[in-house]
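> my questions are about this predicted structure, shown below with the sequence.
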Amino acid sequence: MAQVRFVIPKLPPNTPDGVLFLTGDHRKWGNESEGWTFERSGNRAVLEADLPEGALLGVKVRVLHGGQTIEEGDAWGGRTPAHKAVVHGDMEIQLHLTGWQDARQGRGRPSASAPPREELTLAAPWGEQLVRLWWPESFTLPLPLLIMHDGQNVYDEASTFAGQSWNVAGAAQALADEGHPCLIAALSVNDERNRRYVPFPFEMNAFNPGADEYLDWIADTLKPVLAQRFGAVDTAQTALAGSSFGGLVTLYGGLRAPAEFGMLGVFSPAIFPADFELLRWLEDKKAPQSRVWLDMGDHEADSLQGAADMVALTHALAGQLRPKVREVHVTIGADHWHDEAAWAERFPAFLRWWLEGSPASRE
């Protein structure tokens, strides 16, 4: 074990009174403060804890105030990314806090990345579905189509969950400038994410999966609407992409209905639901014309050993897929965690691999 000293060098001016404590992946984001409480000294706070050597930490500070738990946030009262660190012997970790989450919920947060060109709302079985569209400044129809999950995190930071986006429009415009344009349709999701993106019953979707309903809606409603406006494209020029559970539903959707998507962007897939049911489900599935981008960061677990196991599992999944599809490309992101910053860094290479390898690009 290593002794880790967590230091908040300066508490934000709006810090509520109450008990400051640490939570994170190492605690399954628990809300109990016992054993993880900071000692305040003026505007500074310190916590000392024993943690395993090689632990990969994603942590945040919370405060118990008036019977409520308030989590640190950004300057606009919204969520903020976790602090990250690797435990290497006795060490000190500085936690720089910007503010606390509040009723603003991130409204007013500026963007450093380009927003979508248009947002439209379509009827769906679960209610209204927000579709965030982007296309290049100059183009000729039809355009290759990329459908992305977690659309709230795709373009600009203002709408994101934790203040980080994939900067997809920036990457796509750069490729369009090189002669490889595409249309991007990003589908925002709400607190039903675990149901909509996971095709198998498990605890987090209350054993009521909705992925088939979601994928049917994409095929039967979204794609025809986009085809009517932007022109129909063939399977090889239609891609589906997402991360974590979005990576899971991408791979499932591509192998479930090979005629719908010719390219699958499977970023950091979370394939653990229902005791890795996806791996058994894949056994008799084939998509001979599909290309699969499969990636993983080398820091996507709670320890360095766990992360190495995840990388090994990714390579094993690629091996299982290769006889079933046209092509599998594997990328392992060095020092990449399970977050938007890592996916944003890997996205431009995925986009280039898809568009430069598509039939239209080779003509």
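Alright, I've got the coordinates. Residues are numbered from 1 along each chain as shown.
> can I get stretch 342-357 in CSV? Just the C-alpha atoms.
The C-alpha trace of stretch 342-357 is given here as CSV (Å, rounded to 0.1, in the frame of the first residue of the first chain):
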residue,chain,number,x,y,z
ALA,A,342,-9.4,10.3,-24.9
TRP,A,343,-12.1,9.6,-27.4
ALA,A,344,-11.7,13.1,-28.9
GLU,A,345,-8.0,12.3,-29.4
ARG,A,346,-8.7,9.0,-31.2
PHE,A,347,-11.6,10.2,-33.2
PRO,A,348,-9.7,11.9,-36.1
ALA,A,349,-7.8,8.7,-36.9
PHE,A,350,-11.1,6.7,-36.9
LEU,A,351,-12.7,9.2,-39.2
ARG,A,352,-9.8,9.1,-41.6
TRP,A,353,-9.6,5.3,-41.6
TRP,A,354,-13.3,5.2,-42.5
LEU,A,355,-13.5,7.9,-45.1
GLU,A,356,-10.2,7.1,-46.9
GLY,A,357,-11.1,3.5,-47.0
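> what residues of it count as buried?
Buried positions in stretch 342-357, judged by neighbour count with 16 or more other C-beta atoms under 10 Å: 342, 343, 344, 346, 347, 348, 350, 351, 352, 353, 354, 355. The C-beta positions use only the backbone N, C-alpha and C, and glycine is treated the same way.
> residue 165 is in contact with the fifth one, correct?
To tie it back to what came earlier, the one meant is residue 347. No: under the criterion of C-beta atoms under 8 Å, residue 347 makes no contact with residue 165, lying 10.3 Å away.
> mind checking pLDDT for the residue nearest to residue 201 when sequence neighbours are not counted?
Spatial nearest neighbour of residue 201, excluding adjacent residues (C-beta to C-beta, 6 or more residues apart in numbering): residue 207 at 3.9 Å. pLDDT, residue 207: 96.
> now do residue 342
97.
> one more: residue 36?
98.
> again with residue 56
Residue 56 is assigned 98 on the pLDDT scale.
> which residue is nearest the middle of the chain?
The C-alpha lying nearest the average C-alpha coordinate of the chain belongs to residue 243 (C-alpha atoms, centre = their mean; 4.3 Å).
> show me the contacts for that residue.
By C-beta atoms under 8 Å, 6 or more residues apart in numbering, the contact list for residue 243 reads 149, 150, 267, 268, 269, 343.
> looking at these, which is nearest residue 22?
Residue 22 has its nearest neighbour among the contacts of residue 243 in residue 268, at 25.0 Å by C-beta to C-beta.
> show me what contacts the closest one?
Residue 268 neighbours (C-beta under 8 Å, 6+ apart): 243, 244, 247, 295, 296, 297, 300, 338, 342, 343.
> the fourth one contacts residue 333, doesn't it?
So that's residue 295. Yes: the criterion here is C-beta under 8 Å, and residue 295 meets it with residue 333 at 6.5 Å.
> mind listing what residue 18 touches?
63, 64, 65, 66, 70.
> now do 10 Å
33, 62, 63, 64, 65, 66, 67, 68, 69, 70 (C-beta atoms under 10 Å, 6 or more residues apart in numbering).
> what's the helix or strand for the third one?
In this structure, residue 63 sits in strand 56-65 according to DSSP states H and E.
> quick one, helices of the chain?
168-177, 193-197, 211-217, 223-230, 245-256, 273-281, 304-321, 340-357, 359-362 (DSSP state H).
> possible to save those helices as JSON lines with distance to residue 1?
Below are the helices of the chain laid out as JSON lines (distance: least, C-beta to C-beta, whole Å):
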{"stretch": "helix 168-177", "distance to residue 1": "42"}
{"stretch": "helix 193-197", "distance to residue 1": "34"}
{"stretch": "helix 211-217", "distance to residue 1": "41"}
{"stretch": "helix 223-230", "distance to residue 1": "53"}
{"stretch": "helix 245-256", "distance to residue 1": "33"}
{"stretch": "helix 273-281", "distance to residue 1": "31"}
{"stretch": "helix 304-321", "distance to residue 1": "15"}
{"stretch": "helix 340-357", "distance to residue 1": "28"}
{"stretch": "helix 359-362", "distance to residue 1": "53"}
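> how about these, which one is nearest residue 93?
Nearest of these (C-beta to C-beta): helix 304-321, 16.4 Å.
> so how far is that closest one from its chain's centroid?
Relative to the chain's own centre, helix 304-321 is displaced by 18 Å; criterion: C-alpha atoms, centre = their mean, to the nearest Å.
> residue 202: how many residues sit nearby?
Counted by other C-beta atoms under 10 Å, the residues lying close to residue 202 total 16.
> oh sorry, the question was meant for residue 271
21.
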